[in-house]
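Return a 3D structure for these sequence lines:
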Amino acid sequence: MWRLRRAAVACEVCQSLVKHSSGIKGSLPLQKLHLVSRSIYHSHHPTLKLQRPQLRTSFQQFSSLTNLPLRKLKFSPIKCGYQPRRNFWPARLATRLLKLRYLILGSAVGGGYTAKKTFDQWKDMIPDLSEYKWIVPDIVWEIDEYIDFEKIRKALPNSEDLVKLAPDFDKIVESLSLLKDFFTSGHKLVSEVIGASDLLLLLGSPGETAFRATDHGSESDKHFRKGLLGELILLQQQIQEHEEEARRAAGQYSTSYAQQKRKVSDKEKIDQLQEELLHTQLKYQRILERLEKENKELRKLVLQKDDKGIHHRKLKKSLIDMYSEVLDVLSDYDASYNTQDHLPRVVVVGDQSAGKTSVLEMIAQARIFPRGSGEMMTRSPVKVTLSEGPHHVALFKDSSREFDLTKEEDLAALRHEIELRMRKNVKEGYTVSPETISLNVKGPGLQRMVLVDLPGVINTVTSGMAPDTKETIFSISKAYMQNPNAIILCIQDGSVDAERSIVTDLVSQMDPHGRRTIFVLTKVDLAEKNVASPSRIQQIIEGKLFPMKALGYFAVVTGKGNSSESIEAIREYEEEFFQNSKLLKTSMLKAHQVTTRNLSLAVSDCFWKMVRESVEQQADSFKATRFNLETEWKNNYPRLRELDRNELFEKAKNEILDEVISLSQVTPKHWEEILQQSLWERVSTHVIENIYLPAAQTMNSGTFNTTVDIKLKQWTDKQLPNKAVEVAWETLQEEFSRFMTEPKGKEHDDIFDKLKEAVKEESIKRHKWNDFAEDSLRVIQHNALEDRSISDKQQWDAAIYFMEEALQARLKDTENAIENMVGPDWKKRWLYWKNRTQEQCVHNETKNELEKMLKCNEEHPAYLASDEITTVRKNLESRGVEVDPSLIKDTWHQVYRRHFLKTALNHCNLCRRGFYYYQRHFVDSELECNDVVLFWRIQRMLAITANTLRQQLTNTEVRRLEKNVKEVLEDFAEDSEKKIKLLTGKRVQLAEDLKKVREIQEKLDAFIEALHQEK
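Below is the predicted model:
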């Protein structure tokens, strides 16, 4: 029996050896594990007295002895007859042990071989994934080059610090026993503070906060949270378990602890408990800030990789950028079909100097707006689109310049540019403007949303403001707030009396139920110092002081009032204030109701919630508007294409350039004819009155020619070239205007008339004739006038014909002037029943008296002597007509001119046969035709001048004018206001609305598709 017992013991020893030698050995040493993992998963560590979790492995243990049944020992009988009875049990035991050794060694070899064979079979069954290595992005294989894991490991707290994060359970148990009479549940206050912590908000756990962030990150962000924050989540769960154990212990030992600590007052215990819980929350906050910083750096690296194009893929527009583009197009759209813009925006309203701009800067994380001490700085709405990006930059919608918000020089330049744009938008005589300035701000960690900063509401119009400034600000604010999907961010100054606020009443009118209003109380630090009763602040935050209702209430601090403070300094000051504030310690304010960070998360949450609820409805309304516009176009303009203002301008531009080119196709003959005729009309009066008439008063031909030469020389040096250039420029303008304005038949479109007229006027204004043209023209004209030789009879006859036409035209003008002076003759008086006026009767009597004088002396000079004037006046007075000497001179001028022109025409008829005498230089002849030679010289000068001007026009000036027209058209193309002013009409406006509505609908559809993909 004792042998059986020893064999059984040996078998058990063998089995224990087999079990300890086969399978997988113990886990990895503790020193090789991560710090957080070592403290969580290895609870047997001396620093934590927690139950060791059971080690589970997926590997199966293999051994050759595990399946062998336990063999019963058989004893051979001893034959008594052959040997004596002896006991050799030591030898038998040694034999058995040696046999067991071989069995163990054989089993170990067999088990090892079987394990190796099974492992090779599993290895062969695993597919070869090396061919699919390209699926994994390059950044995964290179991530260790960009992420310092050792730095992250050092940044995380060690196990001892994590243990310190757990609250003092002994003190909590002591305090909970005293709070049992005040709270029905001992863990209510703990749950409230922990629920409001930013850690649970970031991790997505259900808490007591009123809002949750909806800005979901990418898949890489989720993996980052699982890898880096997973351990922190487990730590939080363990802390919650310990707190629950503390609560249970508080229920069991509340009576005993209450009896021991009766001496301590209840108020001190409550304060102590709140301080410990606030201290724990601040520790969580510091850990979160470190993790958030690491997260930003990683996202920045990824975005920078995308910018460099390492993966050679085209980046898509972000969701918020697509939405901002829709709003930009809508800002230029004139809704004339009862379709208003109801897309969501965050409208920031508040009293002047209430801190609107400061709150917006804290959300944008940059000091981007101009600032002033008490004066109005926001003079027009500013639309700020916040989006995430690798670099903190800002840029305007209509500009490609990027302002680096990390550099103070760029920040100053941005503030200056915003101020300039505001002043440019404000028209003369006004203080504010409804025109919107569009600004995009990108940066790591920014909440995606669209905010509109409005001018501050004022109560009194001060000096320097327009009288209607207050009403204009109210109308601008109402226009933005009456949008049923706009989120109203109502800013209230906490440092002044609440009764002085104007904006709360305005917001109550626009949103009486408070379904889309978020109330923000600024300058809480000053309010806490100045307000006698802190409960008044609590009433404001709880919405009990104002009749205005709101979706949420927040309290923020936006600095100490120093414009040079940085965003980081303001944020640190805000956290420090709320950490030490009695408002938070006494539970007047909840943890989720303070800091601009919580405010930005809440506003972003409301914004995207409103976008998802309303964007599809707005898209449907624009589809209906598009259908109405297309139907109206088909009914009114069935055979015309839908050309918007830009397309119509391009069409008009081509027509204008074609008409300018047509100037070069005008024949030289036509140019010379119109130039010669226009020049003669301009200089004919000077030639007859100042040259021909004075020279004709001379007594002989020599004096006549000398006088003519002197007069022509003076005229050529001073006036004639300038007059010729003026005539040429006017002729070019007339021809250009004729081509621009004359109808083109059925193809003529009167919608371009205003544009063509504006282009013509601007081009003519910019055109300047060549400065050297007058000098060259003066020499040519002087040489032409010096030539007195008439080569043939044809030229002589042409000169006489030119002279007759000029004198007859001048005589006709003189006759008309005399008729107007003396009134109708007796025929018109009898036939048309017209009478002379008293003045005309005096002129008629004077004319008759002067004609009698001329009949007596037909060689009378051109001017009356003083005694002749006296004689005429006395003769008229004898007939009862009182006249003035000046009237006699004026009447004589017209009477003598008519007499002179008739005499010159008679002399011209006599000179028709005078070419023969001219060739003999009028020798032995009483006929002198020097006046014919003068008109021939004038005629030849006109022909040569017209030819010279025509060459200059066709070779130089037409091309310069064409260049000016192109420049004017390019300037008009860039000036949208000019195009709106010049291209008008129902047809243009209808095409513009169609284009805008289609663009809005397309962008909305693309945005909705991207929004659904993000969900």
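
Domain parsing of the protein, as residue ranges.
343-461+468-621, 657-974 (the TED database).

and these, which is most packed in?
Comparing the domains of the chain by mean neighbour count (mean count of other Cβ atoms under 10 Å), domain 343-461+468-621 comes out on top with a mean of 19. The way it works is simple: take the backbone N, C-alpha and C, and place the C-beta from them, glycine included.

Compute the first-to-last residue distance for it.
Distance between the two ends of domain 343-461+468-621: 11 Å, counting by Cα to Cα, to the nearest Å.

average pLDDT for it?
Averaging pLDDT along domain 343-461+468-621 yields 86.

and what of stretch 656-675?
87.

distance between the ends of that stretch?
24 Å.

what's the answer for stretch 460-469, then?
Stretch 460-469 has an end-to-end distance of 9 Å (criterion: Cα to Cα).

need the next SSE after the helix or strand that contains residue 577, C-terminal direction.
Using DSSP states H and E, residue 577 falls within helix 567-580. Sequence-wise, the next helix or strand downstream of helix 567-580 (DSSP H and E) is helix 582-585.

Report the inter-axis angle for whichever helix or strand comes after that following helix versus helix 567-580.
Next helix or strand after helix 582-585 toward the C-terminus (DSSP H and E): helix 596-636. With axes from the mean of the first three to the mean of the last three Cα atoms, to 10 degrees as the basis, helix 596-636 and helix 567-580 are set at 120 degrees to each other.

rewinding a little: using CSV, lay out the domains of the chain together with distance to residue 273.
Shown next, in CSV, are those (distance: least, Cβ to Cβ, whole Å):
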stretch, distance to residue 273
domain 343-461+468-621, 11
domain 657-974, 69
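
looking at those, which is closest to residue 645?
When these are compared by Cβ to Cβ, domain 657-974 sits nearest residue 645, at 10.4 Å.

Quick one: end-to-end distance for the closest one.
Distance across domain 657-974, first residue to last, is 18 Å (Cα to Cα).

Quick check: which element contains residue 438?
Using DSSP H and E, residue 438 sits within strand 437-443.

partner strands of that strand, parallel or antiparallel?
Strands that pair with strand 437-443, judged by DSSP bridges, come out as strand 382-388 (parallel), strand 393-396 (antiparallel).

got those as a markdown table, with distance to residue 582 columns?
Formatted as a markdown table, the strands paired with strand 437-443 follow (distance: least, Cβ to Cβ, whole Å):
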| stretch | distance to residue 582 |
| --- | --- |
| strand 382-388 | 33 |
| strand 393-396 | 38 |
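
closest to residue 575 out of those?
For residue 575, the closest of those is strand 382-388, at 21.5 Å, according to Cβ to Cβ.

got the contact list for the closest one?
Strand 382-388 is contacted by residues 299, 318, 320-321, 324, 327-328, 331, 345, 360, 363-364, 368-369, 418, 436-453 when judged by Cβ atoms under 8 Å, 6 or more residues apart in numbering.

These in helices, which ones?
299, 320-321, 324, 327-328, 331, 360, 363-364, 418 (DSSP state H).

Can you classify residue 107 as helix, strand or coil?
Following DSSP: H, G, I helix; E, B strand; the rest coil, residue 107 is assigned to helix.

ok, then the element right after the helix or strand residue 727 falls within?
Residue 727 belongs to helix 720-741 when assigned by DSSP H and E. Using DSSP H and E, the helix or strand that follows helix 720-741 in sequence is helix 753-766.

immediately after the helix or strand harbouring residue 964, which helix or strand?
Residue 964 belongs to helix 958-974 when assigned by DSSP H and E. Later in the chain than helix 958-974, the nearest helix or strand by DSSP H and E is helix 976-982.

Can you show me the CA trace of that next one as CSV?
What follows is helix 976-982, C-alpha atoms only, in CSV (Å, rounded to 0.1, in the frame of the first residue of the first chain):
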residue,chain,number,x,y,z
SER,A,976,-19.2,95.6,-61.0
GLU,A,977,-21.0,98.8,-59.9
LYS,A,978,-20.4,100.3,-63.4
LYS,A,979,-21.8,97.3,-65.1
ILE,A,980,-24.9,97.4,-62.8
LYS,A,981,-25.4,101.0,-63.7
LEU,A,982,-24.9,100.7,-67.4
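
Return the list of helices and strands in contact with that helix.
On a contact count with 3 or more Cβ pairs under 8 Å, 6 or more residues apart in numbering; DSSP states H and E, helix 976-982 meets helix 645-663, helix 753-766, helix 958-974.

Contacts for it next, please.
Residues contacting helix 976-982 (Cβ under 8 Å, 6+ apart): 645-646, 649, 754-755, 758, 971-973.

10 Å - rerun?
With Cβ atoms under 10 Å, 6 or more residues apart in numbering as the contact definition, helix 976-982 has outside contacts at 332, 645-646, 648-649, 652, 751-759, 762, 971-973, 975, 988-989, 992.

Which positions within the following helix or strand past that helix qualify as buried?
Note on helix 976-982: by DSSP H and E, the next helix or strand toward the C-terminus is helix 986-1014. Residues 987-997, 999-1001, 1003-1004, 1007-1008, 1011 are the ones in helix 986-1014 that count as buried (16 or more other Cβ atoms under 10 Å).

what's the spacing between residue 478 and residue 816?
69 Å (Cβ to Cβ, to the nearest Å).

Surely residue 790 is in contact with residue 911?
No - with contacts counted by Cβ atoms under 10 Å, residue 790 stays clear of residue 911, the gap being 11.7 Å.
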